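K.L.:
No sequence on hand, only this structure:
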């Protein structure tokens, strides 16, 4: 509990419960990006920490093993969601969340969607090649007609996936923010 909690234990309990509920929500929603709930909780704890944390701090806060913490931090670091922090005189590695959520979103979204979309394009191309081979060898007119219609469907799918790659490019390049501008993360720090 905080140092300025006074004597009102129930208010501090409510505060911690509310914060924990939001951390659980973060963890649950991060599964959309392929992040496990435990790593999501780690991220949420780091997000709410006022100071950078060591692996020991994280372990104490979450009750997870140091190995799990290390793996989680490495995963989040690879996804550009946490970053190391240097403090003079502190020998242990310190970490904090990436302050720019837009940057984190860009890295996460782009990596996941580009990989999935490129795989889908490859699969559509392979399906088309197999159907072309079958079309060349079959004498069945009904099957030939179905394959011709499937070519149209596969072309539609390929066009969609190509568009999706263009969308990912817009996210990666930051052009998406020209269409959907960023909101200020901490409006009270805005000096305008």
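P.N.:
Good, I have the coordinates. Fair warning: this is a prediction, and the values are worked out from it, not measured in the lab.
K.L.:
wait, residue 96 sits on residue 52?
P.N.:
Yes: Residue 96 lies in contact with residue 52 (Cβ atoms under 8 Å); the separation is 4.3 Å. For glycine as for every other residue, the C-beta is placed from the backbone atoms N, C-alpha and C.
K.L.:
hey, what's in contact with both of those two?
P.N.:
Common neighbours of residue 96 and residue 52 (criterion: Cβ atoms under 8 Å, 6 or more residues apart in numbering): residue 85.
K.L.:
which of the two has more neighbours?
P.N.:
A direct count of neighbours by other Cβ atoms under 10 Å for residue 96 and residue 52 places residue 52 higher, at 19 against 16.
K.L.:
Name the residues of the longest helix seen in the chain that are buried.
P.N.:
The longest helix of the chain (DSSP state H) is helix 101-137. In terms of neighbour count (16 or more other Cβ atoms under 10 Å), helix 101-137 has its buried residues at 104-111, 113-114, 117, 120-121, 124, 127-128, 131.
K.L.:
So which residues of this structure form strands?
P.N.:
Here the chain has its strands, by DSSP state E, at 82-85, 94-97.
K.L.:
Please give me every residue in contact with residue 107.
P.N.:
By Cβ under 8 Å, 6+ apart, the residues touching residue 107 are 79, 80, 81.
K.L.:
So which of those residues is surrounded by the most neighbours?
P.N.:
residue 81 (26 neighbours).
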